[in-house]
Each structure stands twice: as C-alpha cells, then as structure tokens.
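Novice: below is the structure, and that's it, no one-letter string:
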Ligand SMILES: Nc1nc2c(ncn2[C@@H]2O[C@@H]3COP(=O)(O)O[C@H]3[C@H]2O)c(=O)[nH]1
C-alpha cells in the first residue's frame, strides 16, 4: 500500500510539474507577444528588420489561415458594435423578442395583472356561453309552442292519456319563459344614446318588450278548466318570437360560417309553412268528413304524416293529387296553390341569396381569372406567361382567400382596420430589427399602409440599380439576395419577418443613394407586405425621433451592405473557387430547393409526415409551375 501511495504521489508531482511547465511556456509566449506589439507600435516602419519572416510550408494553407483569422477579427468587431448599439443589427435575422429588464416587483405586478385579465376573460367567456345556452333553451320553448300548439289544435292529440303529458310540457315551457322574463331579460345589454349599457329592472319594465313578454305569459290556459283542454289558449306564447330572432342573430355573429345557419333557418321556414298547411288540410278533411270524398284525408295511417305529404305535393306544386270536386275543396286547393307559388318562390329565392352570398368570393375569383385569361388570349400572350398568371391567381386565392386584402379592409372604419392590422402583424413588426427603437404608434400607422403581394418562384422583387420606391416585409416564404454574373451567387436568404429593400429607401437621392444595392428574387412562393416610400415618409414626418433612428440605421446598413460592401462580398464568395466549385445541383432537384436543408429530400420526408398547409400549397404549386 505504501508503494502504491508513493507511486501516486510521484505521478501527481509529475502532473503538477507538467502544468507548471505549460504555464511558464504560456507566460513566455505572452511576454514575447507583448514585446512584439510594443516594437510594432514604436517602429512600424522597421517591422521587416525586427521580426523574421514566418516560415511558410504551404502557401495555400497559409493564405487560407490568414483569411480565416481576418474574418474572425471582422466578426468580433461586428459583435462589439452590436453590443454598443443594439439597433445596428442586420435585417436578415429576427432575434427572439427580449423583454425589457424589469424589477422583481414590476414583474410580479405584471404577472398579477395578466392573471386577473386572464380570469376576467375566462369569466366573460363563460358568461357568454351561458347566455347562448340559455337563449337556445328559450328558443326550444318557443318552437315547442309554435309547432305543437298548432298541431294539437288541429289533430286529435288531446286524448285522456296524453293530456297529463301535455300539461307537464306546457308548464315546463312556461317556467322557462318566466325565468327568462324575471332573471335574464332585465340584465341584457342595450344601446342608449350610443352607449352600451346593461339593462336595469326599471328600464326593462318601461320597455315595449316587457309588455309583450307579460302578454305572452298570461295563463289563458286556465280557461281550459271552463271550456275544455285546448291549445288555443296558448297562442299568446307566439308573441315571444323576438327571443327566437335574438338567438338567431347571436348564433350568426359567433359562427365562422353563418350561411350554414341561414340556410337551416330558411329551410325551417319552409317546413313550418308545410306544417301549417298539413294542419289546415286535416281540419278541412275533418270538416268535410274523413274519407267522405276522394280529395279529403281518408283517416288511414299516421294522420300527421299523410297530411304533411299532401301539403308538400300541393305547396311545391308537384301535382298528381286527387282532383277537388266540391266548391269548398276547389277554393281550398286554389288558395293552396297561390300561397305555394308566392311563399315558396320567395323562400327559395331567399335560399339562393344565402348560398350566393356564401360563395360570392369564389364567384368573384373565378370571374376575375376568366376575364384575365380572355384578355391574355385576345392579345396572344405566350402560353408560359399565361401559366404564370394562372399560377399566381390560384396561389394567391388559396393562400389568402382573396385577391386583394386591402379591398376588404377599405370598407371598414379606421378603428376596425387598426384593430385587425395590430392583431395580425404588430407582433411581427416589433421583432424586426430595423424598427426597434421606433415609436410603437408609428408601427401601427405603418401597418395600415401595407399592401399584400405574392411573388412566384424565381421572380425578381428588386433589381440592382433600380430606384427604390418601396420596401418589403416577408409575410410567408423566402427571398434571396443574389448577385454575380448570372445571379448564381446567393448572398443571403431572408425568411418570414425579415425586411429588405430598405437601404435605397432610407438613403437620399443625392449620389444615386436611392438605387437598389442588390438583386432580390423570390425563392419559393413569397407573400410580401409592401410599404411605399411615400407612405413611410408621410408617417415619419410625425415621428422625428423614429426618423432619426431609421436614418442612423440606414447609414449603417449602407456602410455594411452598400455597393462597396457588396463588391467585397462578391469577391469573397468568388474566393471559394480556390477549393473548386461545387458541382451544380440537377435542374429538377433545384426546382425543389436542392438536396440540402429544406430541399427535395427533406420536403419529401415532410410530405410523408403531416405537412403544414402553407408548405403543402407551395409544393403543389411548385409542381404545377415546374410541369
Ligand atoms: N447589398 C445588400 N443588400 C442586402 C443584403 N442583405 C439584404 N439586402 C437587401 O437587399 C436589398 C436590395 O435593395 P436595397 O438596396 O433597397 O436594400 C437591400 C437590402 O434590404 C446584403 O448583404 N447586401
């Protein structure tokens, strides 16, 4: 054991000695470097005499290493600059949103506020849900009265066994109505002198609605004790029709596809007309005597079903019914036909309007595309261009559900437009480096002036040397800053949330500063927001501070990416030729973005899994476009 301990301590000593040796070596090296630097500073001209030339084994490797060291130094400089001025970052990357530093108590208060807001929103949502649920219960009660009171009045449904059941249902419905009148109606919101106020009991009691509600629940049913059990005494319940329309309006306002409910409601009106007619036919048959003539109901089978069948054939004027013979039958049938023609034609017209409104967008899209194709045919536009135009139409429609978003927003008041624009894009804008430090209200103003535009794969969005009249923000897709003799060098790929075209926009026209400094082409399909120079400058007039921030950034960008920097960049990229050029990607694979990251193989992999809708659309169109 002693021997082992000795061995260990010897080894440890050796390690320590080695560490010390290394440290000493390092110190010596540092001292040498310091001396060298001092010499450099003191006598820059005598460098060649003082420092012996380095030994070069391989000039190519040596050059590459020097180049690498230079680039690392440049990168460090850029990072240093960024640390000093956080707004000087480049536009091609959107860093994660960093919250401004807050104290613990501030954070805590914010969290508490957020929780309270969240709780309040949750409570409001629950209340709204409860209101909708209650309104649907009241609507069921209303429909019970409207459909069954008429049927019970005309058909022999009041048998001694059924009467207790009917009484129970009637009482239940009346209870619902009473609860609604006593608890819910006085608490509804209404508009008073332009203000939304929650109704008070006093307000409700003085309203016309209260009077009609009270009239609707007067229990005339009690007269049944004197005159026998009949649903005739429940007809005052029909006055509560307003609750049905209230329910209908609310449902329309919360449904994403309101036309489905509208079609359902119109169908309901049609069915109710048939229901009324079936009731009348039974009453007419009973008046003449069941089965006494060929025309009347013969009393066989299910009375309601047979009469409903008769009503359907009569009102929809299908025909094939037994001929009426008596004056009463002829008059009844004639009135039926007239009502059928007027009521049914208007209801079917209403249905056509509802369906037409639901598909109006699609119809507009088809009509615009057809007229554009007809125009291109008239002027014998080449097939290739026509295909591109068609692809643009289809992609734009599929990706945003309309051809021109601004058309839709134009009809809205400014407040609504602002709310929508802020909701959709403000978060993205706040993350854009270029706008960091700018006034938030300025961003909102800018959002309102944006126009949406779609570029096809390979389209040039910006051409070097052109005058910059607008800047772009990428909504979806990618664009590439390209250069070189045939635009084959890709300088940078910009993704969703990035800005480009701002350099020439932020420079003055003196010395050609307003010219585009690079070519920018759409990589795949690119959905962009366009902000015109005129609009930007109109806005900046009101925000001098933001104007200063943008001007400063414009200068920095020009320095970093302007013509001089671009040339150096291009040469740097060409320098890669030292290692031989990469073999070109096959043409077909190139269409799909090559074999690399995000390329054909990856896309195919993603296709097997679940594709997100945008990418799926893009691949579909890229395929269509390529073929
Ligand atoms: N010149 C240059 N432009 C770039 C670079 N990266 C992104 N861009 C954008 O490409 C745009 C070309 O038009 P602008 O000069 O108006 O603005 C330019 C920049 O927004 C780059 O590295 N160099």
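Specialist: Looks like it came in fine. This structure is a prediction, so every number in the text was calculated from the model and none was measured. Numbers count the residues shown, from 1 in each chain.
Novice: can you tell me how far residue 60 sits from the ligand?
Specialist: Applying C-beta to the nearest ligand atom, to the nearest Å, the value for residue 60 to the ligand is 28 Å. (Glycine included, C-beta is placed from N, CA and C.)
Novice: number of nearby residues for that residue?
Specialist: Residues near residue 60, counting by other C-beta atoms under 10 Å, number 10.
Novice: now do residue 306
Specialist: Residue 306 has 18 neighbours, counted by other C-beta under 10 Å.
Novice: give the helix, strand or coil label for the closest residue to it other than its chain neighbours.
Specialist: Excluding the flanking residues, the one nearest residue 306 by C-beta to C-beta, 6 or more residues apart in numbering is residue 297, at 5.9 Å. Here residue 297 is coil, with the state taken from DSSP: H, G, I helix; E, B strand; the rest coil.
Novice: I'd say residue 297 and residue 310 touch.
Specialist: Yes: the pair residue 297 / residue 310 is scored as a contact, 7.1 Å apart, by C-beta atoms under 8 Å.
Novice: now do the shared contacts for the two.
Specialist: Jointly contacting residue 297 and residue 310 under the rule C-beta atoms under 8 Å, 6 or more residues apart in numbering are residue 281.
Novice: and the residue nearest to residue 306, what does it touch?
Specialist: Per C-beta under 8 Å, 6+ apart, neighbours of residue 297: 281-282, 285, 290-291, 303, 306-307, 310.
Novice: where does the prediction get shaky in the stretch 501-627 of the chain?
Specialist: 508-513, 562-627 (pLDDT under 70).
Novice: quick one: name the residues of it near the ligand.
Specialist: Within the stretch 501-627 of the chain, the residues that sit near the ligand (C-beta under 6 Å from any ligand atom) are 501-505, 516-518, 520, 561, 566.
Novice: what's the most distant pair in these?
Specialist: Longest distance between any two of those is 16.6 Å, between 505 and 566; criterion C-beta to C-beta.
Novice: ok, the two, which is more surrounded?
Specialist: residue 505 (21 against 18).
Novice: what helix or strand is that one located in?
Specialist: Element membership for residue 505, per DSSP states H and E: helix 503-506.
Novice: off-centre distance for that helix?
Specialist: Put simply, helix 503-506 sits 30 Å off its chain's centre (C-alpha atoms, centre = their mean, to the nearest Å).
Novice: what of stretch 177-186?
Specialist: The answer for stretch 177-186 is 39 Å, by C-alpha atoms, centre = their mean.
Novice: and for stretch 353-365?
Specialist: Per C-alpha atoms, centre = their mean, the displacement of stretch 353-365 from the mean C-alpha position of its chain is 20 Å.
Novice: can you list the buried residues in it?
Specialist: 354, 365 (16 or more other C-beta atoms under 10 Å).
Novice: now stretch 453-473
Specialist: Neighbour-count burial for stretch 453-473 flags 453-457, 461-462, 464, 468, 470-473 (criterion: 16+ other C-beta under 10 Å).
Novice: just send those residues back as JSON lines, with pLDDT and secondary structure too.
Specialist: Output for the buried residues of stretch 453-473, formatted as JSON lines (pLDDT from 0 to 100; DSSP: H, G, I helix; E, B strand; the rest coil):
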{"residue": "453", "pLDDT": "88", "secondary structure": "strand"}
{"residue": "454", "pLDDT": "89", "secondary structure": "strand"}
{"residue": "455", "pLDDT": "92", "secondary structure": "strand"}
{"residue": "456", "pLDDT": "90", "secondary structure": "coil"}
{"residue": "457", "pLDDT": "90", "secondary structure": "coil"}
{"residue": "461", "pLDDT": "94", "secondary structure": "strand"}
{"residue": "462", "pLDDT": "93", "secondary structure": "strand"}
{"residue": "464", "pLDDT": "91", "secondary structure": "coil"}
{"residue": "468", "pLDDT": "89", "secondary structure": "coil"}
{"residue": "470", "pLDDT": "92", "secondary structure": "strand"}
{"residue": "471", "pLDDT": "92", "secondary structure": "strand"}
{"residue": "472", "pLDDT": "93", "secondary structure": "strand"}
{"residue": "473", "pLDDT": "91", "secondary structure": "strand"}
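Novice: interface residues of the chain facing the ligand?
Specialist: Near the ligand, when you scan the chain using C-beta under 6 Å from any ligand atom, you find 92, 462, 468, 481, 491-492, 500-505, 516-518, 520, 561, 566.
Novice: do that again at 5 Å, thanks
Specialist: 462, 468, 481, 491-492, 500-501, 503-504, 516-518, 520, 561, 566 (C-beta under 5 Å from any ligand atom).
Novice: just give the number of residues close to the residue of the stretch 151-300 of the chain at minimum distance from the ligand.
Specialist: Residue nearest to the ligand within the stretch 151-300 of the chain: residue 256 (38.2 Å; C-beta to the nearest ligand atom). As a burial measure, residue 256 scores 5 neighbours (other C-beta under 10 Å).
Novice: got phi/psi on it?
Specialist: Backbone torsions for residue 256, taken as degrees, to the nearest 10, come to phi -70, psi -30.
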